[in-house]
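Asks: My questions concern the predicted model and sequence given below.
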Amino acid sequence: MDENQPARQTCKVTCYAGYIQLDGKRIDVSFEAATDASKEQLDAAFLSALAQHATFDYLAIGDFEKARDDGDSSPGFRVGEVQRGIRHVDTIHELYIKIAADTIALLRKVDVFRVIDSVRPDNIDGVSRSSLANWIKAKRPDLGTEVDEVMAELA
């Protein structure tokens, strides 16, 4: 070490290996955290490492006013509200499927490209190719490989 250089601060770090299982698919993750990290800090480090293996996409499903309980600062969505939002998202994505099939269950592999390619960046529904691709894979895991190939081709 050069005597003119200030000493670098260090901290004790522990290396971790973990995994998450989603829809039968295991994703292994390695990460580091301070040896004295709290559970919340470990969770944050794990999720940060996990995020490097994922693509995230969000679709706003609507805004509304909601009364808060005394002292509650969070919106506190109820399951029914979330389910209505999910049904709304399903309905919007199902509209894009209709160019090739009556329902997602009837979508054929040969039509995946046409359906995903039909999404325009300036559509008024707020649907992206990525969100539609993820929705198709969630509803039809058997088409996952085809969806991934189409997305790679359209990139």
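Replies: Here it is on my side, so go on.
Asks: tell me which helix or strand of this structure sits lowest on mean pLDDT?
Replies: The helix or strand of the chain with the lowest confidence, counting by mean pLDDT, DSSP states H and E, is helix 79-97 at a mean of 59.
Asks: Following element in sequence after that one, please.
Replies: Next along the chain after helix 79-97, taking DSSP states H and E as the criterion, comes helix 112-117.
Asks: Any buried residues in that following helix, and which?
Replies: The neighbour-count check on helix 112-117 (16 or more other Cβ atoms under 10 Å) flags 112-113, 115-116 as buried. All C-beta spots, glycine's among them, are computed from the backbone N, C-alpha and C.
Asks: Which stretches in this protein count as helices?
Replies: Using DSSP state H, the helices of the chain run over 39-51, 79-97, 112-117, 129-139, 144-154.
Asks: how much does the last one deviate in direction from helix 129-139?
Replies: Going back to what we said before, that points to helix 144-154. Between the axes of helix 144-154 and helix 129-139, defined by axes from the mean of the first three to the mean of the last three Cα atoms, to 10 degrees, the angle is 170 degrees.
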